[in-house]
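Engineer: Kindly return the folded structure for what I paste below:
(one chain, ligands or ions: 1)
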Amino acid sequence: MAFVDHSASVLVVAASREAAAPVLDYLFDQGIAFGFSRPSELAYATGRLDAIYRMAVVLDLGVGDRVRDAAQALSRELPCVLVSDTPVARREEFRAVLHTDTSPAELFDSVRGVLAGKATGSGLTGSTPAMRHVHRLIERVANKGTTVLLLGESGVGKEVAARDIHRRSGRQGDFVVVDCGALRDEALDAVLFGEPGPRSTGTGSGYFQMAEGGTLLLDEVADLSLACQARLLRVLEDGRYKRVGEPGTQARDVRIIAASRRNLVDVMETGAFRNDLFFQLAVFPIRLPPLRERIADMTALIEALGAGLPGGRPRFDAIAMARLKSYGWPGNIRELSNVIERLAILYPHETVDRGTLDAHLHPLDVALMTPESLPDGGQAPATQISAMALPSDGVDLRELVEHLEKRLIEQALDRNDRVVAHAARALGLRRTTLTEKLRRYGISSD
Ligand SMILES: Nc1ncnc2c1ncn2[C@@H]1O[C@H](COP(=O)(O)OP(=O)(O)OP(=O)(O)O)[C@@H](O)[C@H]1O
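Structural biologist: I've put the predicted structure just below:
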């Protein structure tokens with residue numbers, strides 16, 4: 001059975017087939033797709049990055065400087081594991097550097113970690129056509145220095161994508177994230193551009209200086225106040241900024257990536273976002289698809305999200321897996337990640353069935369963790385309600401209550417052979433009231 005999706009390839013470059021044979025055998029046994037390449041074929045592979053798009057490279061045994069240089073260039077584009085019998089100068093270029101006496105199992109773990117995107121916690125897992133398109137766009141733009149605008153619902157992985165762009169850009173500076181909603185108009189220049197004293201970000205540096213030579217992610221850019229927008233626009237247009245209390249201006253060497261979960265065109269129409277700033281930011285827009293549009297990535301995502309968990313990823317029976325795929329995932333990968341983590345803690349080494357999954361699937365349960373949803377649970381509704389805790393980042397109450405209502409209706413229908421009158425009784429509703437709710441939520445009683 002495949003451990004990762006087969007579209008993720010492993011390219012093994014070796015001095016000889018004999019040298020690579022144990023590695024290949026092991027990977028093949030584990031069901032990971034691989035390609036074999038002689039050193040001379042590396043250049044060809046490098047030239048076909050857009051076709052390969054996601055790959056771990058394992059190099060083996062004294063392949064020589066020329067190949068090592070090419071591999072280093074490749075590692076800036078793709079996650080690489082290097083297996084070598086000689087000292088490696090620029091280790092940081094690779095996700096992992098292993099020695100030839102590494103056991104096959106250790107090697108496999110490392111390769112699996114890279115393929116799962118967990119080795120540095122920054123991989124953008126996904127190989128559906130929608131995600132392949134995203135990978136291609138990122139590859140094209142990463143090393144260009146172009147301003148990128150990442151759009152998509154909450155939890156789709158915009159920050160992950162931004163880190164990926166930074167990692168592939170080869171820029172040596174830091175990756176710095178600014179929460180635009182938290183920027184206040186007071187002392188804005190000091191916070192953005194720095195000042196001599198240690199007031200602004202605690203170091204005297206502003207965000208632009210912290211990201212000098214690197215990348216600045218303007219997260220939730222639609223939340224910028226109009227005053228902040230004006231300041232930012234000037235820096236983007238001029239390519240320079242001025243530190244508070246210092247004469248002269250400084251050239252900006254900061255790659256800008258902006259992210260928004262809101263539709264910026266709508267925000268512009270309300271007058272809350274400047275058109276000119278929008279066009280400065282939207283040089284290269286990339287839309288990250290919601291999880292419901294790339295359900296075929298589910299298995300790979302579960303593998304990736306579970307790879308870093310102490311008890312390993314949870315396992316699901318076929319019906320639970322079908323449920324995972326049919327659920328709408330309003331919270332996208334963040335929600336999936338929470339569900340996987342919670343199930344891995346509660347049900348280590350067990351196979352999760354549909355009922356257990358349902359008890360942990362909805363956003364409401366993230367907020368509640370009701371006693372009934374725990375393995376040894378089963379208590380009165382009043383106890384469950386009193387176990388409610390408001391998450392630290394708040395909730396959308398209306399959405400939450402709708403979810404609860406839909407979920408309880410679905411359960412009542414399931415338990416009563418989809419007979420509306422009986423389900424209504426189980427819910428303490430009149431049949432006509434339940435019928436109206438079914439219509440509103442588009443739930444079929446068949
Ligand atoms: N493709 C992916 N593969 C693996 N993990 C992912 C992927 N995309 C997102 N995640 C995980 O999902 C969570 C949410 O991702 P992220 O913060 O990047 O989303 P976002 O779109 O920036 O959300 P928001 O708009 O709410 O800030 C993170 O824990 C991240 O590690």
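
Engineer: Pull out the buried positions in stretch 152-172.
Structural biologist: Judged by neighbour count (16 or more other Cβ atoms under 10 Å), stretch 152-172 contains these buried residues: 152-153, 155-169, 171. Using the backbone N, CA and C atoms, a C-beta is placed for each residue, glycine as well.

Engineer: try stretch 136-150
Structural biologist: For stretch 136-150, the neighbour count (16+ other Cβ under 10 Å) marks 137, 138, 139, 141, 142, 147, 148, 149, 150 as buried.

Engineer: filter the residues you listed down to the ones near the ligand?
Structural biologist: Checking these against the ligand by Cβ under 6 Å from any ligand atom, not one of them is in range.

Engineer: Contact residues of the stretch 301-446 of the chain facing the ligand?
Structural biologist: Counting by Cβ under 6 Å from any ligand atom, the stretch 301-446 of the chain comes close to the ligand at 301, 304, 305, 333, 334, 337.

Engineer: okay, now the first one: neighbour count?
Structural biologist: By the other Cβ atoms under 10 Å criterion, the neighbourhood of residue 301 contains 23 residues.

Engineer: try the one 4 residues further on
Structural biologist: Residue crowding around residue 305 was assessed by other Cβ under 10 Å; the count is 23.

Engineer: Point out where the stretch 301-446 of the chain drops to low pLDDT.
Structural biologist: Counting by pLDDT under 70, the low-confidence segments of the stretch 301-446 of the chain come to 308, 310-311, 362-393.

Engineer: all helices of it, in order?
Structural biologist: Counting by DSSP state H, counting those that start in this stretch, the stretch 301-446 of the chain has helices at residues 318-326, 332-346, 354-361, 363-368, 381-386, 397-415, 420-427, 431-441.

Engineer: Which of those sits closest to residue 312?
Structural biologist: Of all the helices of the stretch 301-446 of the chain, helix 332-346 sits nearest to residue 312, with 6.9 Å by Cβ to Cβ.

Engineer: just to revisit the earlier point, out of the helices of the stretch 301-446 of the chain, flag the one nearest residue 248.
Structural biologist: Nearest to residue 248 among the helices of the stretch 301-446 of the chain is helix 332-346 (43.3 Å), distances taken as Cβ to Cβ.

Engineer: what's the closest one packed up against?
Structural biologist: Where contact means 3 or more Cβ pairs under 8 Å, 6 or more residues apart in numbering; DSSP states H and E, helix 332-346 is packed against helix 298-307, helix 354-361, helix 363-368.

Engineer: show me which of the buried residues of stretch 152-172 neighbour the ligand.
Structural biologist: Among those, the ones lying near the ligand by Cβ under 6 Å from any ligand atom are 152, 155, 156, 157, 158, 159, 160.
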